[in-house]
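Undergrad: Only the shape, not the letters, is given here:
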């Protein structure tokens, strides 16, 4: 710590901080436009000028010195800031009433505080042509103040040199050389970075003003990371999704899937219970549905079909329904990663925050991390740019935005690395101090007991950092409850009915529905065309995670809640409440609620799963599949039901698939 005087008051701050960071640390506000804590220093807006006793200096580029004196409120500093604001407004249009940034614009706020009451400029303002950036980002480049935040974000965080500075002097402008989609999974973050209205959200355009919105917290369920978000509502409609800063998980970024997929709530929603009779759907009611379900569970064999996106409370209730009716109720999982065959407790997994430790080598095991977990990939890229960081991709070639050494080998060769038999990589692995291992979904699915491999790595190098990227949002939650049996043909042949809970409309789901001849209950938020071809089907409307409170466990084992922000369709019902009604036992429901409360109050790593009775340390005593490794995510913008019904995500997917003949 060193001593520094700010406005004649002595403070103690850390070494190697900039003056701006030191002032922020002690609670003194310094205005700025180009500075951002997650980006490199540009120092080109000059709004953060301070007086060091000799001259005016930009506080973002000046490092604190011991016993230095700094003044932030002298008349000279105030006049300098007024001149900077005046120069920024020379060509800025006076269109605040129609600007989507109005009410949360940095330039607006700082003009009010530091600007003058008149302008000396009398010449015509300059105009700049708007740029085409795809279906997500709306540009009005005349408003741009050349802070270069978007340029630095693309280069440093997104790994795409999309924006750049064109021309010089008074003709300077920010733009893209080729009008096309900003091809990055996290491109929407430039909207939050832009301090003015030059880059705004195209789906949000002219929808609302900030003071009209209600705000609630939620999480992103499009992947297993569980990025923290804010949901903005106007009356009964979601109009915007923004990132919530969480240094332990997503920092202050979210993916485009989390930001723009909310429009799917209005597309092909199931809003009423329907029963198919004589090849036509007829409206029903919940009283009839409950009677039908109770009869089925009491007298026939029914199979509940789930995947890894179902919330933790509903999974726990399903377990209790099965325990209460063991002869008539089965639970089958379509997700191979949350089954008994792939036991994966949480005892070996590290936290995402552990990525901040001293890591030199990272091994991606069959993981295309750029599309499987875009935010986690951005953290690795920041580490790559700021430190010595080597990335090895084993078993799967993907499209990376980090310099990566790809070794296209099969699972047997991957395991030989840990046994010391690989000429290329065993030495790198053994000599690593804190090696980082990121396991992809395709790699994990090929192991019967995945923890055996984790334990072997921990035995060789105890300081190893292990992270498993799950395909579904709550795979870890289902594993905490003990896993579920994989759905098989025997289950289907023994069942009179199947109850599909919030399943995705995939080839695997359609295959199951086509080969089943009994009664099908389809409880989901969205409709599927396959239901038209089924003879006996009952369609039930469900609430989305935007419309009810649920609990999910992310890939590092952290429990997180979604909160109710808006009301769903009138006849839509919570899956949790439906299962509670089926269970029809107050004591059981109380136990479920107590279990959830215990999870939420547990701030430590969750590990409710007992270890297997026989826990092998030798890879030769476990089994794994030799099927070729295949990417689990083929289209980043269409990975779950909500995304598949989003028009904005469909437009993005279409843009990515376009082939350009010139670039």
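TA: Nice, I can see it. A quick note: this is a predicted structure, and the numbers were derived from the prediction, not measured.

Undergrad: Flag the shaky bits of the stretch 201-350 of the chain, pLDDT-wise.
TA: 337-348 (pLDDT under 70).

Undergrad: ok, now the chain?
TA: 337-348, 585-622, 659-663.

Undergrad: Need phi/psi at the residue minimising distance to the centre of it.
TA: Central residue of the chain (Cα atoms, centre = their mean): residue 227, 4.4 Å from the mean position. Main-chain torsions, residue 227, degrees, to the nearest 10: phi -60, psi 140.

Undergrad: Contact partners for it?
TA: Residue 227 makes contact with 219, 220, 243, 246, 249, 250, 253, 254, 255, 258, 375, according to Cβ atoms under 8 Å, 6 or more residues apart in numbering. Where C-beta positions appear, they are placed from N, C-alpha and C, glycine not excepted.

Undergrad: okay, the residues you listed in a markdown table with distance to residue 201 and secondary structure next?
TA: Output for those, formatted as a markdown table (distance: Cβ to Cβ, whole Å; DSSP: H, G, I helix; E, B strand; the rest coil):
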| residue | distance to residue 201 | secondary structure |
| --- | --- | --- |
| 219 | 20 | strand |
| 220 | 16 | coil |
| 243 | 13 | strand |
| 246 | 21 | strand |
| 249 | 23 | coil |
| 250 | 18 | coil |
| 253 | 15 | coil |
| 254 | 12 | coil |
| 255 | 14 | coil |
| 258 | 13 | helix |
| 375 | 18 | helix |
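
Undergrad: picking up where we left off before, could you measure from the residue nearest to the centre of the chain over to residue 245?
TA: In this view, residue 227 and residue 245 are 11 Å apart by Cβ to Cβ, to the nearest Å.

Undergrad: ditto for residue 578
TA: From residue 578 to residue 245 the distance is 36 Å (Cβ to Cβ).

Undergrad: neighbour-wise, which of the two wins?
TA: Comparing residue 578 with residue 245 by other Cβ atoms under 10 Å, the one with more neighbours is residue 578, at 21 against 11.

Undergrad: Which of the three states applies to residue 221?
TA: coil (DSSP: H, G, I helix; E, B strand; the rest coil).

Undergrad: Excluding chain neighbours, what is closest to it?
TA: residue 473 (4.1 Å; Cβ to Cβ, 6 or more residues apart in numbering).

Undergrad: check contacts around the one you found.
TA: Residue 473 makes contacts with 221, 222, 223, 224, 226, 308, 309, 552, 554, 640, as judged by Cβ under 8 Å, 6+ apart.

Undergrad: can you pull out the helices in the stretch 551-663 of the chain?
TA: 575-583, 586-601, 641-644, 647-657 (DSSP state H, counting those that start in this stretch).

Undergrad: by contact count, what packs against the first one?
TA: Yep, that's helix 575-583 we're talking about. Secondary-structure packing of helix 575-583 (3 or more Cβ pairs under 8 Å, 6 or more residues apart in numbering; DSSP states H and E): helix 286-299, helix 312-324, helix 586-601.

Undergrad: Buried residues in that helix, which are they?
TA: Residues 575, 576, 578, 579, 580, 581, 582, 583 are the ones in helix 575-583 that count as buried (16 or more other Cβ atoms under 10 Å).
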